[in-house]
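[1] Sharing a sequence plus its predicted fold:
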Number of protein chains: 2
Amino acid sequence: MRASVTTIEPNGHFCSDCAVRGFAVCSSLDPAELREFEHLGCRVHFATGETVFSEEDIATSFYNLLEGVMRLYKLLPDGRRQIVGFALPGDFLGMNISGRHNFSADAIGAVTVCQFAKAPFGRFIEDRPHLLRRINELAIRELSQARDHMVLLGRRSADEKVATFLLGWRERLFSLKGSSNMVPLPMSRQDIADYLGLTIETVSRTFTKLERHGAIEIVHGGIGLRDRARVEALVAA
Amino acid sequence: MRASVTTIEPNGHFCSDCAVRGFAVCSSLDPAELREFEHLGCRVHFATGETVFSEEDIATSFYNLLEGVMRLYKLLPDGRRQIVGFALPGDFLGMNISGRHNFSADAIGAVTVCQFAKAPFGRFIEDRPHLLRRINELAIRELSQARDHMVLLGRRSADEKVATFLLGWRERLFSLKGSSNMVPLPMSRQDIADYLGLTIETVSRTFTKLERHGAIEIVHGGIGLRDRARVEALVAA
DNA sequence: CGCCAAAATTGATCTGCGTCAATCGACTTT
DNA sequence: AAAGTCGATTGACGCAGATCAATTTTGGCG
């Protein structure tokens, strides 16, 4: 195992050359504001599998994901898990109204976040409505995604779920790394199952089936799209 | 059939004695603002089953539900329907980022909304960050509910779904009309099924089963809770 | 390289819920 | 009150996906 545990970088970074500068919350800030903003956040690293925050924890911070992928999930008392989303660089986490997080967040692979203490961040927003508007925009976009996912969970078959997930994930990665027929899947089969409301066995079998039909190719760490039309047909259905 | 179709009231109402004044978006406005706000909205009535707006429609208005219940839903191309929520008085509808609604909304029973044209409403918000903050708060609350619902759809059994729905719906009505062991269900069994990701038959059978076990009593237009502990046990499970 | 643990795949079987179909009951209309 | 309509309930049966149980593959490490 790598020796790395959660580490907090001793400062010394600049928002202006941040990788997510263009599309994260902070995209709404002008250069002057950015310089002030810089002092509010602090880069924190998390190793594979570490939990960034847990459901029901008092929410003391907001997080701007800079690098890596996170799984966002809720647990039922008996251990059943529903993954409510995967976070990618640029995603903003920690909004809530109850003062507590309403889901947990783990690192899938190594992760870097820009962490903001709640109070100073709140004060910074106070007189910057454009930042608030940006946050609102992100919340509304997430809400729309959440509703799409409800349709998937409630009304789609296993085949459709897996196909929809593959193309949706590809689409999200597209805006970050550009398009490709290779869809990297950093999360485990169990994660995919818990995202789609299926079991790990069904996910595995569905991938195998799609591969047998020539629609995809299962490669290490991801999926190759061989016949996108066929996968898209499942999504449209 | 009642002769009523969509009717637009010829003005003449006051925000100050609006039924949802205390808890809707407008709760963040002071009396002076309210008087200005009054001119932006316009009461519109919808009869049972009428569609207030449709998914993919250009969103030209926001809506503040004043009276009645609405179903909010998405359709798959082949007609499968997922109800993503029910709206009650005080709920604010129409937020979006794409410029289009991302779900459809029908009246369940007679409905009155306070309708705001997008542009003037947007201008009104512009220099009133507290209103924006209120809208953000509502969006975040909805997001949290959406995530809870994902858990239900993806990971719960039919019994748990129905029990969770009953108590959740009761809880929502509680803040409007106070608590009672009678839970009115203005929506059809089909609506409930489409909300829970089940079929109408399974919903019906589950109600019957709960009634046989003495947990509930099926009455016309609703459900009576006879053994709440038993229903709560299903939710906790 | 070989050993071990964890993840993924595959197979066999089971079951919860869907599907199909009939009946019932509550309203509306005449 | 009879007839027709629509929603809800009930029953019989089937199947998609869960469960249980082995393997197989992969990755880390001495």
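    Great, that's in hand.

[2] Confirm that A:Ala233 sits in a helix.
    Yes - assigned with DSSP: H, G, I helix; E, B strand; the rest coil, A:Ala233 falls within a helix.

[3] Quick one: neighbours of it, just the number.
    The local packing count at A:Ala233 equals 13, with neighbours defined by other Cβ atoms under 10 Å in any protein chain shown. Using the backbone N, CA and C atoms, a C-beta is placed for each residue, glycine as well.

[4] pLDDT at it, what is it?
    What the model reports for A:Ala233 is a pLDDT of 97.

[5] List the residues that contact it.
    Residues counted as contacts of A:Ala233 (Cβ atoms under 8 Å, 6 or more residues apart in numbering or on different chains): none.

[6] Return the distance of it relative to chain B.
    Relative to chain B, A:Ala233 is positioned 11 Å away (Cβ to the nearest Cβ, to the nearest Å).

[7] what mean pLDDT does whichever helix or strand A:Leu152 is part of have?
    Following DSSP states H and E, the helix or strand that holds A:Leu152 is helix A:129-155. When the per-residue pLDDT values of helix A:129-155 are averaged, the result is 97.

[8] near DNA strand C, which residues of chain A?
    Contact residues of chain A with respect to DNA strand C, defined by Cβ under 7 Å from any atom of the strand, are listed as A:Ser188, A:Arg189, A:Gln190, A:Ile200, A:Glu201, A:Val203, A:Ser204, A:Arg205, A:Phe207, A:Thr208, A:Ile218.

[9] On the strand side of things, show who the residue most central in space within chain A bridges to.
    Centrality entry for chain A: nearest residue to the mean C-alpha point is A:Ala87, 0.8 Å, by Cα atoms, centre = their mean. For A:Ala87, the beta-bridge assignment (DSSP bridges) gives partners A:Met70.

[10] wait, it sits on A:Ala107?
    No - between A:Ala87 and A:Ala107 no contact is recorded; they are 9.8 Å apart, counting by Cβ atoms under 8 Å.

[11] Mutual contacts of those two, please.
    The contact lists of A:Ala87 and A:Ala107 share A:Val69, A:Met70, where a contact means Cβ under 8 Å, 6+ apart.

[12] Okay, and A:Ala110 sits in which element?
    When elements are defined using DSSP H and E, A:Ala110 is found to belong to strand A:104-117.

[13] Mind listing what's buried along that strand?
    Buried residues in strand A:104-117, counting neighbours by 16 or more other Cβ atoms under 10 Å in any protein chain shown, are found at A:Ser104, A:Ala105, A:Asp106, A:Ala107, A:Ile108, A:Val111, A:Thr112, A:Val113, A:Cys114, A:Gln115, A:Phe116.

[14] what's next to the very next helix or strand once past it, contact-wise?
    Using DSSP H and E, the helix or strand that directly follows strand A:104-117 along the chain is helix A:118-126. Helix A:118-126 is contacted by residues A:Glu36, A:Phe37, A:Leu40, A:Ala59, A:Thr60, A:Ser61, A:Phe62, A:Gly94, A:Leu131, A:Leu132, A:Ile135 when judged by Cβ under 8 Å, 6+ apart.

[15] Pretty sure the fifth one sits against A:Ala117.
    Yes - in this structure A:Thr60 lies within contact range of A:Ala117 using Cβ under 8 Å: 6.7 Å.

[16] partners of A:Gly222 in the sheet?
    In this entry, A:Gly222 is beta-bridged to A:Pro184, A:Val219, by DSSP bridges.

[17] between the contacts of helix A:118-126, which is closest to A:Ala47?
    Distance ranking of the contacts of helix A:118-126 against A:Ala47, using Cβ to Cβ, places A:Ser61 first at 18.4 Å.

[18] That closest one: neighbour count?
    A:Ser61 is flanked by 19 other residues according to other Cβ under 10 Å.

[19] buried sites along stretch A:39-54?
    A:Leu40, A:Gly41, A:Cys42, A:Arg43, A:Val44, A:His45, A:Phe46, A:Ala47, A:Glu50, A:Val52, A:Phe53.

[20] For chain A, name the helix or strand with the lowest mean pLDDT.
    Here the helix or strand of chain A ranked lowest by mean pLDDT, DSSP states H and E is strand A:7-8, holding a mean of 64.

[21] does the following helix or strand past that strand come close to chain B?
    For strand A:7-8, the succeeding helix or strand toward the C-terminus, using DSSP H and E, is helix A:31-37. No - with Cβ under 8 Å from any Cβ of the partner chain as the measure, helix A:31-37 is seen stopping short of chain B, the closest distance being 15.6 Å.

[22] Need the contact partners of helix A:31-37.
    Here helix A:31-37 has contacts from A:Cys15, A:Ser16, A:Cys26, A:Leu29, A:Phe124, A:Arg128, using Cβ under 8 Å, 6+ apart.

[23] helices or strands next to whichever helix or strand comes after it in the packing?
    Taking DSSP H and E as the definition, the helix or strand that follows helix A:31-37 towards the C-terminus is strand A:41-46. Identification of packing neighbours for strand A:41-46 by 3 or more Cβ pairs under 8 Å, 6 or more residues apart in numbering or on different chains; DSSP states H and E yields strand A:7-8, strand A:61-75, strand A:104-117.

[24] Against which helices or strands is the second one packed?
    Read that as strand A:61-75. For strand A:61-75, the helices and strands in contact under the criterion 3+ Cβ pairs under 8 Å, 6+ apart are strand A:41-46, strand A:51-53, strand A:81-87, strand A:92-93, strand A:104-117, helix A:118-126, helix A:189-196, helix B:129-155.

[25] Pull out the buried residues from that strand.
    Buried-residue list, strand A:61-75, by 16+ other Cβ under 10 Å: A:61-66, A:68-75.

[26] do stretch A:212-225 as well
    Residues of stretch A:212-225 classed as buried: A:Ala215, A:Ile216, A:Glu217, A:Gly222, A:Ile223, A:Leu225 (neighbour count, 16+ other Cβ under 10 Å).

[27] Pull up the distance across stretch A:27-38, start to finish.
    As for stretch A:27-38, its first-to-last residue distance stands at 13 Å under the measure Cα to Cα, to the nearest Å.

[28] Next to DNA strand D in this structure, residues from chain A, please.
    Proximity of chain A to DNA strand D is confined to A:Met1, A:Ser157, A:Ala158, A:Asp159, A:Gly197, A:Leu198, A:Thr199, A:Glu201, A:Thr202, A:His220, A:Gly221 under the rule Cβ under 7 Å from any atom of the strand.

[29] Please report how far A:Phe53 lies from A:Ala105.
    Spatial separation of A:Phe53 from A:Ala105 under the definition Cβ to Cβ, to the nearest Å is 5 Å.
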